[in-house]
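K.L.:
Quick one: sequence plus predicted model below, questions after.
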Amino acid sequence: MRYRPFGVSGSAISNLTLSFGAEALARGREAGLDLLYSALEAGINSYRLETADPVAAEVLGEALSHVDRKLVYVSVTLGTGEARDFSAEGMTAAIDRVLHFSGLGWIDMAVLHEPGETELAQASLAALKALRKTGRIRLLGIAGGGPVMDAYVSTGAFDALLTPFDINAGWPIRNRIRSAREQDMAVFAYDFYIDRRTRAPDAPVFKKGLFGLGGGKRPPDTPKKDAFGFLYRTPNWTAEAICLSYVLTDPSVSSVIVTPTGADRLAVLAAAPERDMPPGLAAQIEMARVTANAA
């Protein structure tokens with residue numbers, strides 16, 4: 001595992017951040033612990049609780065109790081699921097619940113998931129400041145891919161940006177990442193892989209002329225062949241691993257959030273940062289982006 005600076009904190013964070021929640025626990029507590037122990041063995045020191053669920057918090061706390069707390073970084077996502085609550089009381093209760101069941105002592109970063117433009121009341125901001133002052137949380141993050149994220153990044157009130165970022169990310173996302181770095185924010189990427197093998201079928205061939213002679217041309221708006229098809233034909237690489245390695249070529253990205261539910265898939269993802277991309281593949285991806293966006 002390789003490590004990168006965690007914003008301006010001076011700490012080092014693993015290239016991968018393991019996202020942990022209900023899906024990882026679907027096969028039971030022991031399977032969840034096995035995943036976490038595998039992540040620790042792989043050198044991953046960054047963990048993201050997808051919600052303030054007490055069961056997930058307890059399991060994560062049990063796994064991390066075997067290492068020095070100062071060597072691992074834990075974030076908690078607030079505002080996800082049906083119980084979306086950005087009230088002062090709701091966020092304070094969520095953080096206290098995670099701390100109680102996990103026994104972690106503190107949360108390294110509380111992440112607000114896609115808050116609306118007017119969703120954070122002044123009382124909520126005051127509650128977050130109080131949580132920081134008392135040492136229950138240390139940093140604040142903002143997560144999302146919508147235009148409102150630009151406004152939150154520009155406030156300078158957050159320490160990290162969690163953003164979708166894949167090989168075909170558009171300029172709004174790329175510009176937002178640059179703005180975040182100018183604000184000395186750490187950047188975490190998620191949704192780094194989209195399976196591009198599923199596409200609309202080709203339009204039918206329309207024949208014309210006597211007995212169809214002279215036909216065979218498709219209408220001009222026919223979808224072009226998938227520009228990223230080469231991702232699935234690169235020897236000894238999976239398309240997912242290629243996308244992960246490509247995102248990590250951006251020095252602005254501190255860590256990529258991964259969501260494996262088993263140790264085997266985690267091992268494949270954990271090996272990707274240690275491998276160098278095949279020569280010319282990054283340039284091929286850039287060419288595919290131009291082709292896909294021009295289609």
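P.N.:
It's in. Numbering: from 1, shown residues only.

K.L.:
So which residues of the protein form helices?
P.N.:
29-41, 54-64, 88-102, 122-133, 148-154, 171-182, 239-247, 263-271, 281-294 (DSSP state H).

K.L.:
Quick one: those as a markdown table, columns for mean neighbour count, mean pLDDT and distance to Phe192 too.
P.N.:
C-beta: built from backbone N, CA, C; applies to glycine. A markdown table is the format used below for the helices of the chain (neighbours: other CB atoms under 10 Å; pLDDT from 0 to 100; distance: least, CB to CB, whole Å):
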| stretch | mean neighbour count | mean pLDDT | distance to Phe192 |
| --- | --- | --- | --- |
| helix 29-41 | 17 | 94 | 17 |
| helix 54-64 | 20 | 95 | 22 |
| helix 88-102 | 18 | 94 | 26 |
| helix 122-133 | 14 | 92 | 28 |
| helix 148-154 | 17 | 92 | 17 |
| helix 171-182 | 16 | 92 | 12 |
| helix 239-247 | 22 | 89 | 5 |
| helix 263-271 | 17 | 89 | 10 |
| helix 281-294 | 14 | 78 | 13 |
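
K.L.:
Format those helices as a markdown table; extra columns: distance to Leu162.
P.N.:
Listed next are those as a markdown table, based on distance: least, CB to CB, whole Å:
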| stretch | distance to Leu162 |
| --- | --- |
| helix 29-41 | 18 |
| helix 54-64 | 18 |
| helix 88-102 | 17 |
| helix 122-133 | 16 |
| helix 148-154 | 10 |
| helix 171-182 | 10 |
| helix 239-247 | 13 |
| helix 263-271 | 18 |
| helix 281-294 | 22 |
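
K.L.:
quick one: which of these is nearest Gly21?
P.N.:
With CB to CB, the closest approach to Gly21 among the helices of the chain belongs to helix 54-64: 5.4 Å.

K.L.:
Now do that closest one and helix 29-41, the angle between them.
P.N.:
Here helix 54-64 points in a direction 40 degrees away from that of helix 29-41 (axes from the mean of the first three to the mean of the last three CA atoms, to 10 degrees).

K.L.:
Show me what helix 54-64 is packed up against.
P.N.:
Other helices and strands packing on helix 54-64, by 3 or more CB pairs under 8 Å, 6 or more residues apart in numbering; DSSP states H and E, are strand 16-20, helix 29-41, strand 46-49, helix 88-102.

K.L.:
just so I know, which of the helices of the chain lies nearest Ser254?
P.N.:
Closest approach to Ser254 among the helices of the chain is made by helix 171-182 (9.8 Å; CB to CB).

K.L.:
Kindly calculate the angle that the closest one makes with helix 281-294.
P.N.:
Computed by the same axes, to 10 degrees, the angle between helix 171-182 and helix 281-294 is 130 degrees.

K.L.:
Not counting its own residues, what contacts helix 171-182?
P.N.:
Residues outside helix 171-182 that contact it (CB atoms under 8 Å, 6 or more residues apart in numbering): 145, 147, 149-150, 153-154, 161, 163-165, 187, 250, 252-253.

K.L.:
cool, stretch 47-64 as well?
P.N.:
17-22, 24-25, 29, 32-33, 36-37, 39-40, 72-78, 80-81, 94-95, 97-98, 100-104, 111, 257.

K.L.:
One more pass at 7 Å, please.
P.N.:
Contact partners of stretch 47-64, identified using CB atoms under 7 Å, 6 or more residues apart in numbering, comprise 17-22, 25, 29, 32-33, 36-37, 40, 72, 74-78, 80-81, 94, 97-98, 101-104, 257.

K.L.:
How far away from the center of its chain is stretch 71-79?
P.N.:
Offset of stretch 71-79 from its chain centre (CA atoms, centre = their mean, to the nearest Å): 13 Å.

K.L.:
Buried residues in it, which are they?
P.N.:
Neighbour-count burial for stretch 71-79 flags Val72, Tyr73, Val74, Ser75, Val76, Thr77, Leu78, Gly79 (criterion: 16 or more other CB atoms under 10 Å).
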